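A.B. asks: fold the following.
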Amino acid sequence: MNQIIDQLTLIGDFPGRGVPLRGAPASSRPGSGTGKKKRLPAALVILGVGALLWVGANAPVCARVNPHWRSVRGSYSMIVGSPMVDANGVKYYPVTSVYQGSQPQIVRVLEPTHPAPGKPHRILYVLPVDTGVDRLSSRWGDGLEELRLLDVPNRFNMTLIAPSFNYEPWYVDSDQDPARRMESYIVHDLVPFGDTFAKGGAPQRYLIGFSKSGTGALILILRNPQVFNGAAVWDSPAQMNSLSRFPGLSLSFGTQANLDRYNIPALVRDDGKSFGSRERLWISGDQAVFTKEMIQLHHQLMAASIPHIWEHSGARMHNWHSGWLNEAAMGLDAIATPGWRDRSAMPAAPGREQASDQRHGMEQLSQASRVPANAANR
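C.D. replies: Numbering: from 1, shown residues only. Sure thing, here's the model as predicted:
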């Protein structure tokens, strides 16, 4: 995987960067001409230069640099390059988006090869916790690789899509920096890209994350319930309400006023009605780092009459591979509605677990609480 990332980040591989000319005859290279040169009339030169400038300014940057780059249909600004594929079938797509500045990023995609019969095809966005492209050796592990080891793509007919970022992902739009608009990037660029992997019709879209990315999954589905079908969230700081709580929050949110707009308890209270009576959330209060906040979230969801699946078990390490991921994937499968289709228009864009662990997950799911919409009134 390191070799793939290294190759994708070479200068010239991304839109907006220079690409050396290859195979040009010696006579066409600067300084290689000999003899007299014919001169064109000045007016014709000016006209030709003007035409080239106009084409260069109006053509997509991918076309100006590399013909293998293309725009993503339905997205606001995403440009995607040809992928490289690792030994496990994971595709690495280089992408750019106006919402993330000019620096390119990697989006990994893993499609099912032998999906279980009877399962509708779904898109699962695996939200990273840290910067860069995750690996199994990363500090928190690698969500996409763990899901691959669990055979989630085939068991549940899910295409996994894992973005990566060059700054801490809190999944919000900064109100100070237009190049740090992560929510807009996901909704208006990444989702249309993900939809290109749908097997006919509008796909079901799901989110999964923990810690920062669990908070992000909550923010994304609470603020965009017409875009995402469901989310699985584990051990996240769901009650965060201050810009000073974690270092670097201001880089993502900008101001406290903007953080207030993304406050999860307020979103649950104010936007819960849009969820209707369907279960769309799987959350867990396992004993980990943010247990108390997840328990609070569980009670807040009940108070807002938002149906959800509530898991709670013993102590786990705060990472992708501590045993919760398989349970979360089964939870998402449990809340999936085969006949569901996204009838709402997309919002307008602004100007390793082994088999024993899998069996354990099955047992745990049977002990999970399914909380109906009227639970708080009982």
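A.B. asks: partners of the helix or strand harbouring Leu207, with directions?
C.D. replies: Under the criterion of DSSP states H and E, Leu207 resides in strand 204-210. When sheet partners are counted by DSSP bridges, strand 204-210 sits next to strand 122-126 (parallel), strand 230-234 (parallel).
A.B. asks: C-terminal to the first one, what's the next element?
C.D. replies: Proceeding C-terminally, strand 122-126 gives way to helix 143-149 as the next helix or strand, assigned by DSSP H and E.
A.B. asks: how far off centre is the helix or strand following that next one?
C.D. replies: Where DSSP H and E defines the elements, the next helix or strand beyond helix 143-149 is helix 152-155. Centroid separation for helix 152-155 versus its chain: 19 Å, with C-alpha atoms, centre = their mean, to the nearest Å.
A.B. asks: try stretch 277-292
C.D. replies: That offset, for stretch 277-292, works out to 20 Å (C-alpha atoms, centre = their mean).
A.B. asks: gap between the two ends of that stretch?
C.D. replies: Stretch 277-292 has its terminal residues 26 Å apart, counting by C-alpha to C-alpha, to the nearest Å.
A.B. asks: how about stretch 200-213?
C.D. replies: End-to-end distance (C-alpha to C-alpha), stretch 200-213: 29 Å.
A.B. asks: tally of neighbours for the residue nearest to His121 when sequence neighbours are not counted?
C.D. replies: Distances taken as C-beta to C-beta, 6 or more residues apart in numbering put Lys199 closest to His121, at 4.4 Å, once the chain neighbours are dropped. In short, each C-beta sits where N, CA and C put it, glycine included. The criterion is other C-beta atoms under 10 Å. On that basis, Lys199 has 13 neighbouring residues.
A.B. asks: roughly how far apart are Lys199 and Val98?
C.D. replies: As for Lys199, its distance to Val98 is 29 Å (criterion: C-beta to C-beta, to the nearest Å).
A.B. asks: same deal with Asp151?
C.D. replies: Distance from Asp151 to Val98, by C-beta to C-beta: 36 Å.
A.B. asks: now swap in Ser250 and tell me
C.D. replies: Distance from Ser250 to Val98, by C-beta to C-beta: 22 Å.
A.B. asks: same question for Trp310.
C.D. replies: From Trp310 to Val98 the distance is 39 Å (C-beta to C-beta).
A.B. asks: might one say that Ile186 is in contact with Tyr125?
C.D. replies: Yes: Ile186 lies in contact with Tyr125 (C-beta atoms under 8 Å); the separation is 7.4 Å.
A.B. asks: mutual contacts of those two, please.
C.D. replies: Pro163 (C-beta atoms under 8 Å, 6 or more residues apart in numbering).
A.B. asks: against which helices or strands is the helix or strand that contains His299 packed?
C.D. replies: Using DSSP H and E, His299 falls within helix 291-303. Packed against helix 291-303 by the contact rule (3 or more C-beta pairs under 8 Å, 6 or more residues apart in numbering; DSSP states H and E) you find helix 264-271, strand 281-284, strand 308-311, strand 369-371.
A.B. asks: quick one: that helix to chain centroid distance?
C.D. replies: With C-alpha atoms, centre = their mean, you get 25 Å for helix 291-303.
A.B. asks: swap in stretch 196-215?
C.D. replies: Centre-to-centre, stretch 196-215 and its host chain are 8 Å apart (C-alpha atoms, centre = their mean).
A.B. asks: same check, this time on stretch 310-324
C.D. replies: 22 Å.
A.B. asks: keeping just the C-alphas, turn it into CSV.
C.D. replies: The C-alpha atoms that make up stretch 310-324 are tabulated as CSV, following Å, rounded to 0.1, in the frame of the first residue of the first chain:
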residue,chain,number,x,y,z
TRP,A,310,-28.5,0.6,21.6
GLU,A,311,-25.6,-1.8,22.3
HIS,A,312,-23.7,-2.0,25.6
SER,A,313,-21.1,-4.5,26.7
GLY,A,314,-17.8,-4.8,28.5
ALA,A,315,-14.5,-2.9,28.1
ARG,A,316,-12.9,-2.3,24.8
MET,A,317,-9.9,-0.5,23.5
HIS,A,318,-10.5,2.7,21.7
ASN,A,319,-9.6,1.7,18.1
TRP,A,320,-11.1,0.0,15.0
HIS,A,321,-10.1,-3.5,15.9
SER,A,322,-11.3,-4.0,19.5
GLY,A,323,-14.3,-6.1,18.6
TRP,A,324,-17.1,-3.6,18.1
